[in-house]
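Participant: fold the following.
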Amino acid sequence: MKLRNYVLLGIASLSLGIVAITSQPAQASAAAVPARMRHDWHANKWGESYYLNCHKYHANFYDGAWHTLYYSPAGYNKYNLNPAHHSYDGVSMTYKSAHRVTVLYDTAYLHFTRGSSHEMSPKKVNFRTADNINFFYNSWSPAYLDIHSTGIDLYGSADNAENQNDSVGTFSNVRKQVSAKWINENEQSNVLMLKVNGKVYYSDNKGHDIRPYSAHREKDGIWSSFKPTSKYARLKKSTHVYVGTEWTYENDTDTDLKTYKYNGSHWKFEY
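Facilitator: Numbering: from 1, shown residues only. The predicted structure is shown next:
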């Protein structure tokens with residue numbers, strides 16, 4: 001009986017050890033921030049809302065989409081916040097007082113005050129949004145040329161697209177909706193099938209020239225090759241429109257950018 005009890009005690013200790021190990025942060029090098037910083041913070045800038053929820057080993061930052069970021073010390077009361085796999089540029093945070101932190105976001109400072117993201121979250125506006133950030137292999141999805149792309153070559157076969165041989169044309173219209181899907185479930189060569197004007201082509205999408213959305217968020221609002229009132233304006237998945245959101249429309253027939261703002265009932269031209 002005594003031996004059995006020792007065995008059970010050993011098993012229990014191992015179990016506790018496993019729990020202790022798994023409770024550590026996923027990032028082995030992640031720093032912990034002091035308790036005074038571990039709060040929910042809220043800021044407004046450019047008509048947009050931003051949220052920063054600070055936990056011991058990581059922070060959740062919202063700028064139109066949520067990002068999980070990890071701390072690294074950058075000086076007294078200062079931390080750099082970066083993602084685990086460089087999928088986001090990251091930000092820098094400075095603790096100012098029990099009720100204020102500042103965040104260097106690109107080249108501008110956001111001034112955060114204490115406040116729950118759940119209590120202060122703005123109301124989302126219903127808007128056309130992509131089903132995914134990628135394409136499917138078993139169904140066609142709406143597709144658009146990236147706003148910064150100059151065009152993508154079209155090919156008559158998947159092999160030619162993969163090897164970039166014998167192009168049959170170029171798709172360069174950033175204001176045209178087409179359809180796209182991967183050639184098979186296990187596609188590894190970045191070859192997309194594109195349906196343009198009813199005809200199927202193949203293209204090498206290694207540069208992500210073709211995307212399932214036509215509008216995306218940048219640091220000063222939404223940017224698109226379509227007006228927000230266009231039926232082809234489609235947001236990137238997990239991107240939202242709120243009252244006060246600005247939408248910048250790039251029109252290649254006019255060198256001036258045009259910006260609209262949603263006022264709660266409709267899009268109003270700003271400048």
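
Participant: surely K236 touches H216?
Facilitator: Yes - applying Cβ atoms under 8 Å, one finds K236 in contact with H216, separated by 4.7 Å. (Glycine included, C-beta is placed from N, CA and C.)

Participant: next one: stretch 135-155 to chain centre, how far?
Facilitator: Distance of stretch 135-155 from its chain centroid, counting by Cα atoms, centre = their mean, to the nearest Å, is 18 Å.

Participant: what about the chain, any weak spots by pLDDT?
Facilitator: Low-confidence segments of the chain, defined by pLDDT under 70: 1-30, 47, 86-88, 116-123, 187, 252-255.

Participant: center of it - which residue?
Facilitator: A65 (5.4 Å; Cα atoms, centre = their mean).

Participant: okay, now the sheet partners of the lengthiest strand in the chain, with direction.
Facilitator: Counting residues, the longest strand found in the chain (DSSP state E) is strand 66-75. Pairing partners of strand 66-75, with direction, according to DSSP bridges: strand 58-62 (antiparallel), strand 78-82 (antiparallel).

Participant: now find how far off-centre that strand is within its chain.
Facilitator: The answer for strand 66-75 is 17 Å, by Cα atoms, centre = their mean.

Participant: what does stretch 150-160 give?
Facilitator: Put simply, stretch 150-160 sits 28 Å off its chain's centre (Cα atoms, centre = their mean).

Participant: regarding it, how distant is the last residue from the first?
Facilitator: One end of stretch 150-160 to the other measures 21 Å (Cα to Cα, to the nearest Å).

Participant: cool, stretch 72-91 as well?
Facilitator: First residue to last in stretch 72-91 (Cα to Cα) measures 11 Å.

Participant: quick one, helices of the stretch 151-271 of the chain?
Facilitator: Secondary structure of the stretch 151-271 of the chain (DSSP state H, counting those that start in this stretch): helices located at 158-163.

Participant: mind listing the strands for it?
Facilitator: Secondary structure of the stretch 151-271 of the chain, counting by DSSP state E, counting those that start in this stretch: strands at 152-154, 169-171, 178-182, 191-196, 199-204, 210-211, 215-218, 221-224, 241-242, 246-249, 258-262, 267-269.

Participant: ok, the second one: who's next to it in the sheet?
Facilitator: Under the criterion DSSP bridges, strand 169-171 sits next to strand 152-154 (antiparallel) in its sheet.

Participant: what residues does the partner strand touch?
Facilitator: Contacts to strand 152-154, defined as Cβ atoms under 8 Å, 6 or more residues apart in numbering, come from residues 145, 161, 164, 167-172, 194, 196, 201-205, 207, 209-210.

Participant: change it to 6 Å
Facilitator: By Cβ atoms under 6 Å, 6 or more residues apart in numbering, the residues outside strand 152-154 that reach it are 167-171, 201, 203, 209.

Participant: looking at those residues, state which has the most neighbours.
Facilitator: Using other Cβ atoms under 10 Å as the neighbour test, the contacts of strand 152-154 are led by S203, with 24 neighbours.

Participant: that residue contacts L194, correct?
Facilitator: Yes - at 5.4 Å, S203 counts as touching L194 under the criterion of Cβ atoms under 6 Å.

Participant: shouldn't the residue nearest to the centre of the chain be in contact with K237?
Facilitator: No - the pair A65 / K237 is not scored as a contact, 8.7 Å apart, by Cβ under 6 Å.
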